[in-house]
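Student: predicted model and sequence below, questions to follow.
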Amino acid sequence: MSIDKIIAEAVSKAVKALYDVDTDPAQITPQATRKEFEGNLTVVVFPWVKAARKSPEAVATEIGEWLVSNEPAVEKFNVVKGFLNITIRPTFWNSVLAHIAETPDYGRVAVTEDSPLVMVEYSSPNTNKPLHLGHVRNNLLGYSLATILEACGNKVVKTNIVNDRGIHICKSMLAWQKWGDGATPESTGKKGDHLIGDFYVLFDKKYREQVAELIEKGMSEEEAKAEAPLLKEAREMLVKWENKDPEIRAMWEMMNRWVYDGFDKTYRRMGVDFDKIYYESDTYLEGKEKVLEGLEKGAMYRKEDGSVWADLTPEGLDHKLLLRADGTSVYMTQDIGTAKLRFQDFPIDKMIYVVGNEQNYHFQVLSILLDRLGFKWGKDLVHFSYGMVELPNGKMKSRTGTVVDADDLMDAMVTTAREVSQQLGKLDGLSEKEQAEISEMVGLGALKYFLLKVDPRKNMLFNPEESIDFNGNTGPFIQYTHARICSVLRKAEEEGIAITDYSDYVPGEREIALIQALADYPEVVRKAGREYSPALIANYVYELVKCYNQFYHDCSILKETDPAARSMRLTLSRQTARVIASAMGLLGIKVPERM
RNA sequence: GCCCUUGUAGUUCAAUGGAUAGAACAAGUCUCUCCUAAAGAUUAGAUAGGGGUUCGAUUCCCCUCGGGGGUACCA
């Protein structure tokens, strides 16, 4: 049992004994005592002041006295206003550390047959352009969230819905057909997703030229945009695609394969993966069926022009279009279709969509519609709504060319990591393979940590030149600490230092603070799962690492001559490294053994 | 207009309603004959404004002023 729980239960008993008040121990959350006061844990006693009919100081003192006489873990206490500062018996911390060391999968809850099944959808790329910084945040959040939920004892299925059809794909295809001259990834040496993205940009360029011409001839802007021949051609292509025209379908399949090959490389390097991928070309027709089913059941209605709508005014929203008059699907319809297929494939208990906050309204509506259509998890679906990544000059826009490409970004990070490492001489004497591996870990670690340490719901600023650092609250700082611990442990092994009994050792301030931080880990993981926040893990591991560095600075480990102290510090180091690796693993960040 | 969201040091970020609002970067000053100085120590610097609830408010409620997003046939 954790020390927090021991204290919470003891306080609960104390309050019952002293004031005959029933308090759920879960409601009592001792916090780490501020460093300017003496003590390890602090309990706020204001909640019982009324029932006790005494001053906060008196209540705190009475509870403190009760604890010292009745709870063996408590050594002493002091009171500051309504704050009861509790000092744990120093040797008790040794047993806390030993317990951590003996716990397999420390911090994780085992997944069993009865565990709920959570499906996490993330990434959701379009097949007409490569992944950019926004996708990077999405991918890292989605992957990390899935990993955290698994650590919290859920069965997790990671999924991706690829938007592989629609007018935007036709634009790339048309541009390739017109001006591509048979270009392939092989012939150009370009990654497939970048090649297709280039044609999408080319289409847009030519299209705007046409629009400008038409405006010059006297058309209004709106009219020109709709009447441009290129757009009409793209629309025709979409109709052909929907009619399964063999030539168009063959081109579509070929070009999509190029894109998927490119995506796969990006995903692999980023370290994210999926258990099941859905394609909108498979799901968009399913949605239509489901909507028509809902129409029969009276959950939707049809307008005179033949379009199908849902009336959401009972829920305080508007009317929502689900099928156009010509019978074609809209975005919402496709999400319903995807939900249908997913539910056929998996016994989903909870569905989490990792999608940007610009779609809050969409998911509010989707939740209502899925519920109406009989999906048991529809009502409680989670829209993991994350904020946008902004650049110093504003929002990312593919049209203005202010997009940060995912592949370029990873390249730049790894290159910088290697340069910095070389300047510091950290890579001296290592093989080229090791140098490359470490640079990859450090560069991506910096990027991932930077994006994950921020509260996911908030918009964040990314400055390519200045944002990424390797000092301070960064991934490499944490990785470095891990590497340093590994170095100590290696040397201990080389010197044949054995771990002996340390239960009677009296740990110092630094050591206690570190054990306390390690003891917090399981609760942090659970909280991160409850609140869907990888940032909590990031902030925790940073605090832990700072704590370790202070300990490392003040306490000798290998040079310590007292075997009990040395054993305790080595164990402490080993467990810290273990928790760092585990916590960083929940963020999808690897930690090196040397750097 | 309406709806959602956000406002904390020069900058980027923290803070289940709890103590004197924490870090990092940038600026200044210390510490490597010592287990990896990508480190540690230290100085200066912030809750947009106004009300309310509370023993206690960055946190909850209301108003004002700024960001960002959405708003029915784009995804």
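Tutor: Now that the structure is in, tell me what you want to look at.
Student: residue of chain A nearest RNA strand B, please.
Tutor: Per CB to the nearest atom of the strand, A:Gly472 is where chain A lies closest to RNA strand B, at 2.1 Å. (C-beta placed from N, C-alpha, C; glycine too.)
Student: what's the pLDDT at that residue?
Tutor: The model reports A:Gly472 with a pLDDT of 94.
Student: burial measure for it, as a count.
Tutor: 8 (other CB atoms under 10 Å).
Student: swap in A:Arg510?
Tutor: Neighbour count for A:Arg510, taken as other CB under 10 Å: 18.
Student: identify the residues contacting it.
Tutor: When contacts are counted by CB atoms under 8 Å, 6 or more residues apart in numbering, A:Arg510 touches A:Cys547, A:Gln550, A:Phe551, A:Asp554, A:Cys555.
Student: buried only: go through those for me.
Tutor: A:Cys547, A:Phe551, A:Cys555 (16 or more other CB atoms under 10 Å).
Student: out of the contacts of A:Arg510, which sit inside helices?
Tutor: Using DSSP state H, A:Cys547, A:Gln550, A:Phe551, A:Asp554 are the members of the contacts of A:Arg510 that sit in helices.
Student: list the contacts of the second one.
Tutor: When contacts are counted by CB under 8 Å, 6+ apart, A:Gln550 is found next to A:Arg510, A:Ala513.
Student: next one: the nearest residue to A:Lys276 once chain neighbours are set aside relative to A:Ile248, how far apart?
Tutor: Closest residue in space to A:Lys276, ignoring its immediate chain neighbours: A:Thr159 at 5.0 Å, by CB to CB, 6 or more residues apart in numbering. The gap separating A:Thr159 from A:Ile248 is 28 Å, by CB to CB, to the nearest Å.
Student: comparing those two, which residue is more hemmed in?
Tutor: When neighbours are counted by other CB under 10 Å, A:Thr159 and A:Ile248 differ, and A:Thr159 comes out ahead with 25 against 20.
Student: quick check, that one in contact with A:Leu117.
Tutor: No. Applying CB atoms under 8 Å, one finds A:Thr159 not in contact with A:Leu117, separated by 11.7 Å.
Student: next one: phi and psi at the residue most central in space within chain A?
Tutor: Centroid-nearest residue in chain A, with CA atoms, centre = their mean: A:Leu141, separated by 2.4 Å. Backbone torsions of A:Leu141, given as degrees, to the nearest 10, read phi -60, psi -50.
Student: what does the stretch 201-350 of chain A have sitting close to RNA strand B?
Tutor: Neighbours of RNA strand B within the stretch 201-350 of chain A, by CB under 7 Å from any atom of the strand: A:280, A:303, A:305, A:307, A:318-321, A:324-325, A:329-331, A:334.
Student: same thing but at 6 Å, please
Tutor: A:Ser307, A:Asp318, A:His319, A:Leu321, A:Arg324, A:Ala325, A:Val330, A:Tyr331, A:Gln334 (CB under 6 Å from any atom of the strand).
Student: lowest-confidence entry in these?
Tutor: Checking pLDDT across those, the minimum falls on A:Asp318 at 86.
Student: quick check: closest non-adjacent residue to that one.
Tutor: In space, and not counting its chain neighbours, A:Asp318 is closest to A:Leu312: 6.1 Å by CB to CB, 6+ apart.
Student: so what's that neighbour up against?
Tutor: Going by CB under 8 Å, 6+ apart, A:Leu312 touches A:Asp318, A:His319, A:Lys320, A:Val365, A:Ile368.
Student: the second one contacts A:Ser307, doesn't it?
Tutor: No. With the criterion set as CB under 8 Å, A:His319 and A:Ser307 do not qualify as a contacting pair; they are 10.4 Å apart.
Student: who has more neighbours, those two?
Tutor: With neighbours defined as other CB under 10 Å, A:His319 and A:Ser307 compare such that A:Ser307 has more, 16 against 12.
Student: which residues does that one contact?
Tutor: Neighbour list for A:Ser307: A:Leu321, A:Leu323, A:Arg324, A:Ala325 [criterion: CB under 8 Å, 6+ apart].
Student: out of those residues, who's the most crowded?
Tutor: Taking other CB under 10 Å as the neighbour criterion, A:Leu323 ranks highest of the contacts of A:Ser307 with 22 neighbours.
Student: so that one is in contact with A:Gln334, correct?
Tutor: No. With contacts defined as CB under 8 Å, A:Leu323 does not count as touching A:Gln334, sitting 11.2 Å away.
Student: on that earlier part again, so which of the buried ones among the contacts of A:Arg510 also contact RNA strand B?
Tutor: Answer for the buried ones among the contacts of A:Arg510 near RNA strand B (CB under 6 Å from any atom of the strand): A:Cys555.
Student: wait, which of the buried ones among the contacts of A:Arg510 is closest to A:Val15?
Tutor: Of all the buried ones among the contacts of A:Arg510, A:Cys547 has the smallest distance to A:Val15: 31.3 Å, by CB to CB.
Student: what is the burial count for A:Asp164?
Tutor: 22.
Student: quick check: it vs A:Leu195, distance?
Tutor: A:Asp164 is 16 Å from A:Leu195, where distance means CB to CB.
Student: then A:Ser582?
Tutor: Plainly put, A:Ser582 is 40 Å away from A:Leu195 if you go by CB to CB.
Student: just A:Gly475 next, same as before
Tutor: 32 Å.
Student: between those two, which one's more packed in?
Tutor: Comparing A:Gly475 with A:Leu195 by other CB under 10 Å, the one with more neighbours is A:Gly475, at 33 against 23.
Student: identify the residues contacting that one.
Tutor: A:Gly475 neighbours (CB under 8 Å, 6+ apart): A:Val442, A:Gly445, A:Ala446, A:Leu447, A:Lys448, A:Tyr449, A:Phe450, A:Met584, A:Ile589.
Student: mind listing what's buried in stretch A:198-206?
Tutor: A:Asp198, A:Phe199, A:Tyr200, A:Val201, A:Leu202, A:Phe203, A:Asp204, A:Lys206.
Student: tell me the secondary structure for A:Asn78?
Tutor: Assigned with DSSP: H, G, I helix; E, B strand; the rest coil, A:Asn78 falls in the strand class.
Student: where does it land on pLDDT?
Tutor: Note for A:Asn78: predicted pLDDT of 95.
Student: still on that earlier bit, pLDDT score assigned to the residue nearest to A:Asp318?
Tutor: 90.
Student: and the gap between it and A:Tyr353?
Tutor: In this structure, A:Leu312 and A:Tyr353 are 19 Å apart, going by CB to CB.
Student: cool, A:Met595 as well?
Tutor: For A:Met595, the distance to A:Tyr353 equals 37 Å [CB to CB].
Student: repeat that for A:Trp258.
Tutor: Using CB to CB, A:Trp258 is found at 27 Å from A:Tyr353.
Student: compare these two (neighbour count), which wins?
Tutor: Using other CB under 10 Å as the criterion, A:Trp258 and A:Tyr353 rank with A:Tyr353 on top: 24 against 21.
Student: quick check: that one touching A:Phe363?
Tutor: Yes. The criterion here is CB under 8 Å, and A:Tyr353 meets it with A:Phe363 at 6.2 Å.
Student: shaky segments in the stretch 1-150 of chain A?
Tutor: Applying pLDDT under 70 to the stretch 1-150 of chain A picks out residues A:1.
Student: return the residues of it in contact with RNA strand B.
Tutor: Counting by CB under 6 Å from any atom of the strand, the stretch 1-150 of chain A comes close to RNA strand B at A:29, A:33-34, A:36-37, A:42, A:44, A:46, A:80, A:82-83, A:85, A:126.
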